[in-house]
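Undergrad: Predicted model, plus sequence, below.
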Amino acid sequence: MNRCTFIYADHGMAVVAYTIPEYGGVPVVQRNVFACMAKDDVYIDIHLSKVQYQSSDDSLFSALLETASFGPPLPRQPEPSPEIMKLFAEGSRYFLERNYRKAIGPYQKALDMDKRLHQINKPLWYVLIDNLGMAYGISGNLDKAKEVFDYGILQDADYPLFYYNLACTYAEMNKMELAMEYLEQAFERKANVIPGEKMPDPRTDDSFQRFMKNESFRKLVDSLMAP
């Protein structure tokens, strides 16, 4: 159920917000904020939204609304096409059902479309890359998993879970040194996880169990998880 809240009426605005917990079965926690303002005979609606919403984000919404004023129109940013979102939702449904092979098709089509259109917002794009790469990896196609995570790093070199998942992929390939290298790079970027995420513990990850008896590997992961 969506939660609707009246925030305030100030600066000539009336502001209402609601939260969408999930989309197509995928948890998104999307906060939508609508504001109305008028000047002379012009009436304007403002729509702000953010996925992985937390209550602390309310100050960000308020700060943005306070900067709103009448002026020349700005270029409109493209919204994800219904076709991309349908493919994303279909892939996510299969992924959540742990039917990873079936998740690959719609996820890959969504990614191929987004490579051309660049429409999916960052948090959902992170989910798409992570889930598609993991779906390939769990299904046994490690080369495709590596390709997906390499693409993610090429597009956003600061997001830590791409490095972590690439480390998992190299571990499944039995390439311990590369797995260690990418684990280190992942934890160097741990501050860049999106709100609501946290870094996994490689000591409990199935992909790395084969290396846990190796002293060098064990010392590395213990140091990465140290407070």
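TA: It's in.
Undergrad: From now on I want contacts and neighbour counts done on CA atoms only, so please keep to that.
TA: Noted.
Undergrad: For the biggest strand by length in the chain, name the packing helices and strands.
TA: Taking DSSP state E as the criterion, the chain has its longest strand at strand 26-39. Counting contacts by 3 or more Cα pairs under 8 Å, 6 or more residues apart in numbering; DSSP states H and E, strand 26-39 packs against strand 13-23, strand 42-50, helix 82-96.
Undergrad: Pick the most buried one from the ones you listed.
TA: For those, the largest average neighbour count (mean count of other Cα atoms under 10 Å) is found in helix 82-96, namely a mean of 19.
Undergrad: Distance from the chain centre to that one, please.
TA: On the basis of Cα atoms, centre = their mean, to the nearest Å, helix 82-96 sits 14 Å off its chain's mean C-alpha point.
Undergrad: Then stretch 217-227?
TA: Relative to its chain's centre, stretch 217-227 lies at 26 Å (Cα atoms, centre = their mean).
Undergrad: As CSV, could you dump the C-alpha coordinates of that stretch?
TA: Output of stretch 217-227 as CSV, limited to C-alpha atoms (Å, rounded to 0.1, in the frame of the first residue of the first chain):
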residue,chain,number,x,y,z
PHE,A,217,43.2,-15.1,1.2
ARG,A,218,41.9,-15.5,4.8
LYS,A,219,44.1,-12.7,6.1
LEU,A,220,42.9,-10.4,3.3
VAL,A,221,39.2,-10.9,3.9
ASP,A,222,39.7,-10.6,7.7
SER,A,223,41.4,-7.3,7.2
LEU,A,224,38.6,-6.1,4.8
MET,A,225,36.0,-6.9,7.4
ALA,A,226,37.9,-5.4,10.4
PRO,A,227,36.1,-2.4,12.0
